[in-house]
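S.K.: Quick one: sequence plus predicted model below, questions after.
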Amino acid sequence: MKTNKTDSKTKEKVETKVRTGAAVFADTINALGISYLFGHTGGAIMPMYFELNERITRKEKTPEVIMFRHEQGAGHAAEGYAKVSGRPGFVCVTSGPASTNLVTPIADAFMDSIPVIFVTGQVSSPGIGTDAFQEVPITLIVSQITKIALLIKTADEIEGALRLAHELTTTGRRGPVVIDICRDALIGNETPGNHKTPFAVKMKKTVDDFDKDSIDEMLHKFSSAKRPMLYVGGGIKVEDSQGLLREFAKKYDAPVGMTLMSLGTIDRNDRLSLGMLGIHGTVEANYSALNADYILAIGARFDDRVAVKGFGSHAKIIAHVDIDSAEIDKTRKVHYSINTSAKRFLEYALKHGPDRIESLTDWHDEIIKWRKLNPKLDDDEDKIIPQKFIKELSDLTSGGAIVATGVGQHQMWTAQYYNFKNPRDFMTSGGLGTMGCGLPAAIGAYYANKDKAILLIDGDGSFQMNIQELATVASNRIPVKMFVLNNGLWGLPMQWHEMFDRGNLFECCLDRSIECPAGCSSFKDCIKRNRNPDLVALKDVYQGIKTNRISRPEEVTAAIKEVLAHKGPYILDVEIKKESYILPIIPPRAGIEEMILEIKT
């Protein structure tokens with residue numbers, strides 16, 4: 001009996017033990033199942049890192065901390081983790097410049113609906129508003145690019161804020177949440193009695209009871225359309241609904257046009273695949289969007305790079321399914337709108353939708369003719385053609401690797417020529433177009449799935465924008481395979497200058513030095529490749545990373561095989577033909593009928 005009383009008292013002490021805010025933080029992220037914390041330490045956030053370090057020393061459960069060399073890198077890595085795993089990424093940095101360094105990945109996650117929890121440190125609450133050292137009102141700065149941004153001043157608020165953030169990032173339309181925690185909230189104690197401050201916010205709920213009569217009518221008309229088309233976006237990927245989408249497309253024999261964010265939804269070689277839509281989309285995808293009599297958009301937002309002039313101009317009906325009611329009729333008025341998730345809509349349509357009424361042979365025959373109009377690849381036998389390189393990489397990996405890109409020409413070539421089998425295997429920046437996102441995103445992808453090959457296809461310009469994260473790769477022995485398509489240029493601005501701005505190139509040239517003539521405007525003026533930086537020499541800078549360079553077409557296959565077979569990280573510097581362009585291209589302010597299919601010299 002005495003022993004029982006002692007046990008009871010011990011238990012009572014454990015239950016009433018007062019925790020610091022940092023301890024509450026650590027306990028809560030453990031309870032939420034956060035496995036990895038991508039971050040960078042500093043003054044205001046140090047109490048949290050100190051708590052985690054203490055727990056690691058005691059061999060207690062705690063997320064694995066991946067330290068980055070720059071906060072932006074940590075943010076993009078969390079995005080990469082979330083894109084591949086489907087679970088929220090988690091970032092933790094300090095205040096001031098550390099928090100402002102996260103603005104770009106926060107905006108990137110917001111534009112592409114990526115679930116990431118961004119935690120920033122803040123000066124102690126009495127110092128707020130005094131211009132204290134490293135004080136920045138980050139919640140105000142990011143208020144328009146987050147689902148919610150919370151300022152936390154007491155230990156009692158921490159658990160509720162973290163739980164709310166976790167729910168918000170994964171409810172409805174996915175997106176980022178920012179929690180800004182004052183230093184005194186981390187070092188202070190929670191109120192005795194396990195008091196918690198809950199957070200109540202108005203959350204947009206998915207409409208579960210959609211108008212079934214309206215959806216039945218919409219599906220009936222889709223089943224009888226003579227030139228139907230599916231326009232699918234990133235909403236398919238978010239809910240892993242690609243299997244349902246493929247089944248739906250097959251049921252209605254409907255061709256599928258994909259946005260950049262949904263590539264991999266359907267195999268590129270499938271007869272129903274139109275490939276990518278938009279200004280760099282395939283001929284068959286854009287001509288189908290021009291000529292379709294019924295366009296059904298699922299999880300897509302009619303953005304300006306896809307819904308260009310001519311898109312849907314012959315459509316008698318445009319229908320839109322989206323989880324975010326704000327996207328309905330925002331840029332394109334539609335005839336039918338269903339405010340629900342892609343998954344819920346597809347499940348209903350497959351169960352209750354009518355079968356196709358008549359054959360679409362004539363429509364598919366027309367698409368086959370358009371497919372033959374796609375640009376032919378450069379036949380230069382002396383220089384590496386980037387599109388051919390990516391196609392070979394796709395073939396050698398059977399389209400089964402996880403691929404990250406930066407932003408630029410290499411991104412579009414990858415979208416066009418790498419045959420993705422699963423939409424979660426492709427990580428890129430869509431809405432914001434963030435150069436430099438590729439390398440850290442690939443790091444995050446590795447922690448999300450260590451069983452698949454992780455590839456980075458980058459341009460030499462984009463690669464340099466977060467090149468410091470090679471130190472993160474090297475120190476953690478992350479076996480990412482990096483293919484840098486190197487033309488010594490800001491490739492996409494070069495192409496636009498060449499095609500639409502009388503060839504003013506000097507500000508696009510990364511090989512440029514003081515030895516070059518002023519105002520050079522032609523590739524013919526190039527003196528030499530300066531190789532600044534020398535990517536092969538990075539093996540001596542970042543220990544443990546293997547490097548190589550190729551510049552001839554006959555070197556491509558063997559070099560790719562060597563990279564893929566290597567157990568550790570590898571950088572392959574691929575010197576491509578400078579005069580390489582993304583085709584097709586729809587010029588600025590032009591329409592689908594003005595699509596350019598070849599460069600006339």
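M.R.: Received, thanks.

S.K.: When you work out contacts or count neighbours from here on, use the C-alpha atoms and nothing else.
M.R.: Will do.

S.K.: how about low-confidence regions in the chain?
M.R.: The chain contains residues with pLDDT under 70 at 1-16, 194-209, 506, 519, 521-529, 601.

S.K.: and it, what are its domains?
M.R.: For the chain, automatic domain parsing gives the domain ranges 19-187, 212-371, 386-582.

S.K.: JSON lines for these, including mean neighbour count?
M.R.: Putting those into JSON lines (neighbours: other Cα atoms under 10 Å) gives the following:
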{"stretch": "domain 19-187", "mean neighbour count": "22"}
{"stretch": "domain 212-371", "mean neighbour count": "20"}
{"stretch": "domain 386-582", "mean neighbour count": "19"}
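
S.K.: Distance to E598 added to these, as JSON lines?
M.R.: JSON lines is the format used below for the domains of the chain (distance: least, Cα to Cα, whole Å):
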{"stretch": "domain 19-187", "distance to E598": "31"}
{"stretch": "domain 212-371", "distance to E598": "12"}
{"stretch": "domain 386-582", "distance to E598": "9"}
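
S.K.: How about the contacts made by the nearest residue to I114 once chain neighbours are set aside?
M.R.: Spatially, and ignoring its direct neighbours in sequence, I114 is nearest to G175 (4.8 Å; Cα to Cα, 6 or more residues apart in numbering). If you count contacts by Cα atoms under 8 Å, 6 or more residues apart in numbering, G175 has them with 109-110, 112-116, 146-147, 168-169.

S.K.: For M229, pull up the helix or strand it's in.
M.R.: strand 228-232 (DSSP states H and E).

S.K.: Tell me which helix or strand comes right after that strand.
M.R.: Next element after strand 228-232 (DSSP H and E): helix 234-238.

S.K.: starting at the chain centroid, how far to that following helix?
M.R.: Mean-position distance between helix 234-238 and its chain equals 11 Å (Cα atoms, centre = their mean, to the nearest Å).

S.K.: That helix - contacts with which helices or strands?
M.R.: Contacts defined by 3 or more Cα pairs under 8 Å, 6 or more residues apart in numbering; DSSP states H and E place helix 234-238 against helix 342-352.

S.K.: relative to strand 228-232, how tilted is the helix or strand just after the helix it packs on?
M.R.: Following helix 342-352 in sequence order, the next helix or strand is helix 361-371 (DSSP H and E). Interaxial angle of helix 361-371 relative to strand 228-232 (axes from the mean of the first three to the mean of the last three Cα atoms, to 10 degrees): 50 degrees.

S.K.: Show residues contacting the next helix or strand after helix 361-371.
M.R.: For helix 361-371, the following helix or strand on the C-terminal side (DSSP H and E) is helix 386-396. Where contact means Cα under 8 Å, 6+ apart, the residues beyond helix 386-396 that reach it are 377, 400, 410, 413-414, 417-419, 485, 556-557, 560-561, 576-577, 580.

S.K.: Remind me what the next helix-or-strand element following helix 386-396 packs against, helices and strands.
M.R.: Later in the chain than helix 386-396, the nearest helix or strand by DSSP H and E is strand 402-405. Contact here means 3+ Cα pairs under 8 Å, 6+ apart; on that basis strand 402-405 packs against strand 426-427, helix 438-448, strand 454-459.

S.K.: elements contacting whichever helix or strand comes after strand 402-405?
M.R.: Beyond strand 402-405 on the C-terminal side, the first helix or strand identified by DSSP H and E is helix 409-417. Packing contacts for helix 409-417, counted by 3+ Cα pairs under 8 Å, 6+ apart, involve strand 273-276, helix 386-396, strand 454-459.

S.K.: Partner strands of the shortest one, with direction?
M.R.: Meaning strand 273-276. Sheet partners assigned to strand 273-276 using DSSP bridges are listed as strand 256-258 (parallel).

S.K.: and K221, what element?
M.R.: K221 belongs to helix 212-224, assigned by DSSP H and E.

S.K.: and the closest residue to N419 other than its chain neighbours, how far is that from I323?
M.R.: Nearest non-adjacent residue to N419, counting by Cα to Cα, 6+ apart: G399, 5.2 Å away. The spacing between G399 and I323, counted by Cα to Cα, to the nearest Å, is 30 Å.

S.K.: Run through the helices of the stretch 101-250 of the chain in chain order.
M.R.: For the stretch 101-250 of the chain, the helices defined by DSSP state H, counting those that start in this stretch cover 103-111, 138-141, 158-169, 183-187, 212-224, 234-238, 242-252.

S.K.: what packs against the second one?
M.R.: Helices and strands touching helix 138-141, as assessed by 3+ Cα pairs under 8 Å, 6+ apart, comprise strand 148-152, strand 177-182.

S.K.: about what we covered before: in PDB, list the C-alpha atoms belonging to the strand holding M229.
M.R.: Extracted in PDB, the C-alpha atoms of strand 228-232 (Å, rounded to 0.1, in the frame of the first residue of the first chain):
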ATOM      1  CA  PRO A 228     -13.700  16.700 -75.000                       C
ATOM      2  CA  MET A 229     -10.400  17.500 -73.200                       C
ATOM      3  CA  LEU A 230      -9.200  17.100 -69.600                       C
ATOM      4  CA  TYR A 231      -7.100  20.000 -68.300                       C
ATOM      5  CA  VAL A 232      -5.400  18.700 -65.100                       C
END
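
S.K.: Just the angle for that strand relative to helix 342-352, thanks.
M.R.: 150 degrees.

S.K.: Sheet partners, orientation included, of strand 228-232?
M.R.: strand 256-258 (parallel), strand 294-298 (parallel).

S.K.: so how far is the first one from its chain's centroid?
M.R.: The chain centroid and the centroid of strand 256-258 are separated by 19 Å under Cα atoms, centre = their mean.

S.K.: can you list the residues that contact that strand?
M.R.: So strand 256-258 is contacted by 229-233, 249, 265-266, 272-277, 285 (Cα under 8 Å, 6+ apart).

S.K.: Closest to I586 out of those residues?
M.R.: Ranked by distance to I586 (Cα to Cα), the contacts of strand 256-258 are led by L277 at 11.0 Å.

S.K.: Which residues are in contact with that closest one?
M.R.: With contact set as Cα under 8 Å, 6+ apart, L277 has these partners: 257-260, 285-286, 306.

S.K.: before we move on, what about I215?
M.R.: Contacts of I215 (Cα under 8 Å, 6+ apart): I338.

S.K.: In which helix or strand does P533 reside?
M.R.: Using DSSP H and E, no helix or strand contains P533.

S.K.: Looking at the strands paired with strand 228-232, spot the one closest to A26.
M.R.: In terms of Cα to Cα, the element of the strands paired with strand 228-232 nearest to A26 is strand 294-298, at 39.0 Å.

S.K.: Heading C-terminal from that closest one, find the next helix or strand.
M.R.: strand 317-322.

S.K.: Just the CA trace of whichever helix or strand comes after that following strand, in PDB.
M.R.: Per DSSP H and E, the first helix or strand lying C-terminal to strand 317-322 is strand 336-339. The C-alpha trace of strand 336-339 is given here as PDB (Å, rounded to 0.1, in the frame of the first residue of the first chain):
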ATOM      1  CA  TYR A 336     -20.100  24.600 -64.400                       C
ATOM      2  CA  SER A 337     -18.100  24.800 -61.200                       C
ATOM      3  CA  ILE A 338     -17.600  22.200 -58.500                       C
ATOM      4  CA  ASN A 339     -16.000  23.300 -55.300                       C
END
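
S.K.: what comes into contact with strand 336-339?
M.R.: For strand 336-339, the external contacting residues (Cα under 8 Å, 6+ apart) are 206-207, 210-211, 214-215, 218, 317-325, 328.

S.K.: Partner strands of it, with direction?
M.R.: Assessed with DSSP bridges, strand 336-339 is paired to strand 317-322 (parallel).

S.K.: how many degrees apart are the strand it pairs with and helix 212-224 in direction?
M.R.: Using the same axes, to 10 degrees: strand 317-322 against helix 212-224 is 130 degrees.

S.K.: follow-up on the earlier one: nearest to S99, out of the helices and strands packed on helix 409-417?
M.R.: For S99, the closest of the helices and strands packed on helix 409-417 is strand 454-459, at 26.3 Å, according to Cα to Cα.
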